[in-house]
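Asker: okay, here's the prediction I keep looking at, along with the sequence it came from:
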Amino acid sequence: MTGGGSRFDVAADPQLAAAARALASGRPQEAYPLLSTRLKADPDNPVALRLMAALGLRAGRAREAVGMLMRTVNLAPDYETAWADLAAALHLLPPALALSAAEQGLATAPSSLGWRNLKGAMLERAGDFAGALAVFQAVVAERPDLADAWMVCGHLLKTLGRSDEAVAAYRRAMALRPRSGAPWWALADMKSFRFGPEDVSALRTLLARDDLADDDRALAAFALGRALELDGDRAASFAAYAEGNRLRRRPGARDADQLAQERDAAARVFTPALFAGADGGDPSPDPIFIVGLPRSGSTLVEQILASHPDVEGTMELEELPGVARDIAALGRARQTAYPDIVASLSGAERAAFGRAYLDRTRVLRRAGRARFIDKLPANFRHVGLLRLILPNARIVDVRRDPMACGLSIFKQYFAGGYGYAFDLADIGAYYRGYVSTMKLWDAVLPGHVHHLAYEALVADPEAEVRRLLAYLGLPFDPACLRFHETARAVRTPSGDQVRRPINGDALNAWRAYEPWLGPLWNALKQG
């Protein structure tokens, strides 16, 4: 638990080391008196402040934790671990508050690289991609040796549709950090990019090194898989993808089991009787939730809807899971677990949580349109909660052929949050769990969710778009069929693809890999 130098070494101080051990072991009641005593005697101790902030985060007091961490980094600007903790804590605040905190911190130290990075990151989180890019471009103008800053510039340029400039930024990062796999995967993840023979040779050379960190090796392997796929060498491509996934896989990942447990708990709580007697909730019809699994075509549907003059596209928002965490915290205070606590919420409380979601997302609605999209796929787990706190919100489930979707997930490098994505059998089991969860919502909330098949959309775009808009209560607009002409920021891996007309190239692409997909097929056929 060090960072920025030995003076931040927790192990060197017995009292702080004991507090850190208590925190790590889930015994906050033991950590608090140790930290409180130290801070009374030494209120400017940066390590004690950081640990107390961690204690606050564990208790759900994100704002207090952010305040302590801001004080910590101002006292110790070289405390790298504290900067990382502050960045993580800011992401737990509503975007507007997080941006305000970053701006406040930067005002105290205008030349601070740490505060500039945080402001840029919070601008990005708030959906101001152009503003974030300006911050990071100013950083690399002063410090052209910072590979990480070049990577961020590349991501932002890609999001804004400036692909050639993004490639150049990634190449700069690659030159500065030749043993990093991140720039290679960033290039591969631009679906319109094509590696040259010299790139494939350089990737093979990189992977032949024996001093690569596992994450860099995994990223390079995924990039090589994409390059070889485009060259038509499916066997070698699959081997590279499999190696990348092997390196990313964590033993004991049980995402499908956890999803099954959540589904069983939801079936117990979210009953027809609960919905029949439910009152309250915020009546706003503004949100449109696009749910499903990653790589299902949801970005395409988002782009189609965002081309409508009454609908604004945002991004994959973490605000609804944040509201669910707040409800779970209320449940702990009332000694009732989540989701059981949901059934006991009053109508006024449901309305308050609905308003909290709308308040948190308001800063992201930059175009001022009547409706907006929240495209976090995993929100399929929260359909019952949504019906109670935002009863007039619309929910669109985008579903793709399980073999095509499963392989596409397997070929995608996910930085985090998708533990099931690195094993074909796990992907199949999770897909089954997702389908089972959606069947539950259809049973208890018939007609509430609109299901859209990716294959049907590709086969007859106009018919499916008209059906979708009718569900949303929106008039048909031809711009939705010219979605590729809509200029907007797109953060997901499909950003390049939705800037081109719809096509069916990917519908049966999985069949080229069919000889290696037995584990996925078998898992999908179980249950």
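Answerer: Perfect, thanks for sending it. Residues are numbered from 1 along each chain as shown.
Asker: low pLDDT regions in the stretch 401-527 of the chain?
Answerer: Within the stretch 401-527 of the chain, the stretches with pLDDT under 70 are 487-501, 527.
Asker: what segments of the stretch 351-500 of the chain are helices?
Answerer: 383-389, 402-410, 424-444, 454-459, 461-472 (DSSP state H, counting those that start in this stretch).
Asker: just put the ones you listed in JSON lines and tack on mean neighbour count.
Answerer: In this view, the C-beta of every residue, glycine as well, is placed from N, C-alpha and C. Below are the helices of the stretch 351-500 of the chain laid out as JSON lines (neighbours: other C-beta atoms under 10 Å):
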{"stretch": "helix 383-389", "mean neighbour count": "25"}
{"stretch": "helix 402-410", "mean neighbour count": "23"}
{"stretch": "helix 424-444", "mean neighbour count": "20"}
{"stretch": "helix 454-459", "mean neighbour count": "18"}
{"stretch": "helix 461-472", "mean neighbour count": "17"}
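Asker: any chance of those helices in TSV, plus distance to residue 313?
Answerer: Shown next, in TSV, are those (distance: least, C-beta to C-beta, whole Å):
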stretch	distance to residue 313
helix 383-389	19
helix 402-410	21
helix 424-444	23
helix 454-459	17
helix 461-472	14
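Asker: which stretches of the stretch 201-350 of the chain aren't confidently modelled?
Answerer: Using pLDDT under 70, nothing in the stretch 201-350 of the chain is flagged.
Asker: I'd like to know how far residue 408 sits from residue 394.
Answerer: According to C-beta to C-beta, to the nearest Å, residue 408 and residue 394 sit 26 Å apart.
Asker: go through the helices of the stretch 351-500 of the chain and name the closest to residue 20.
Answerer: With C-beta to C-beta, the closest approach to residue 20 among the helices of the stretch 351-500 of the chain belongs to helix 424-444: 33.5 Å.
Asker: helices or strands up against the closest one?
Answerer: helix 255-269, helix 383-389, helix 402-410, strand 449-453, helix 518-525 (3 or more C-beta pairs under 8 Å, 6 or more residues apart in numbering; DSSP states H and E).
Asker: and the angle from it to helix 402-410?
Answerer: Orientation check (axes from the mean of the first three to the mean of the last three C-alpha atoms, to 10 degrees): helix 424-444 against helix 402-410 gives 120 degrees.
Asker: what's the local residue count around residue 337?
Answerer: 12 (other C-beta atoms under 10 Å).
Asker: give the contact list for it.
Answerer: Shown in contact with residue 337 (C-beta atoms under 8 Å, 6 or more residues apart in numbering): 328, 331.
Asker: tell me which residue lies nearest the centroid of the chain.
Answerer: Centroid check for the chain by C-alpha atoms, centre = their mean gives residue 316 as the closest residue, at 6.3 Å.
Asker: what's the closest non-adjacent residue to that one?
Answerer: Spatially, and ignoring its direct neighbours in sequence, residue 316 is nearest to residue 376 (4.5 Å; C-beta to C-beta, 6 or more residues apart in numbering).
Asker: wait, isn't the one you found in contact with residue 321?
Answerer: Yes. Counting by C-beta atoms under 8 Å, residue 376 does reach residue 321; the two are 7.4 Å apart.
Asker: between the helices of the stretch 351-500 of the chain, which one is nearest to residue 231?
Answerer: Closest to residue 231 of the helices of the stretch 351-500 of the chain, according to C-beta to C-beta: helix 402-410, at 17.7 Å.
Asker: how much does that closest one deviate in direction from helix 518-525?
Answerer: Going by the same axes, to 10 degrees, helix 402-410 makes 130 degrees with helix 518-525.
Asker: could you dump helix 402-410 to CSV, C-alpha only?
Answerer: Output of helix 402-410 as CSV, limited to C-alpha atoms (Å, rounded to 0.1, in the frame of the first residue of the first chain):
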residue,chain,number,x,y,z
PRO,A,402,-26.5,-16.3,-29.0
MET,A,403,-23.6,-17.9,-31.0
ALA,A,404,-22.9,-14.6,-32.8
CYS,A,405,-23.2,-12.6,-29.6
GLY,A,406,-21.1,-15.1,-27.6
LEU,A,407,-18.2,-15.2,-30.0
SER,A,408,-18.2,-11.4,-30.3
ILE,A,409,-18.0,-11.1,-26.5
PHE,A,410,-15.1,-13.6,-26.5
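Asker: just list what that helix packs against, helices and strands only.
Answerer: Helices and strands touching helix 402-410, as assessed by 3+ C-beta pairs under 8 Å, 6+ apart, comprise helix 424-444, helix 518-525.
Asker: perfect, that will be all.
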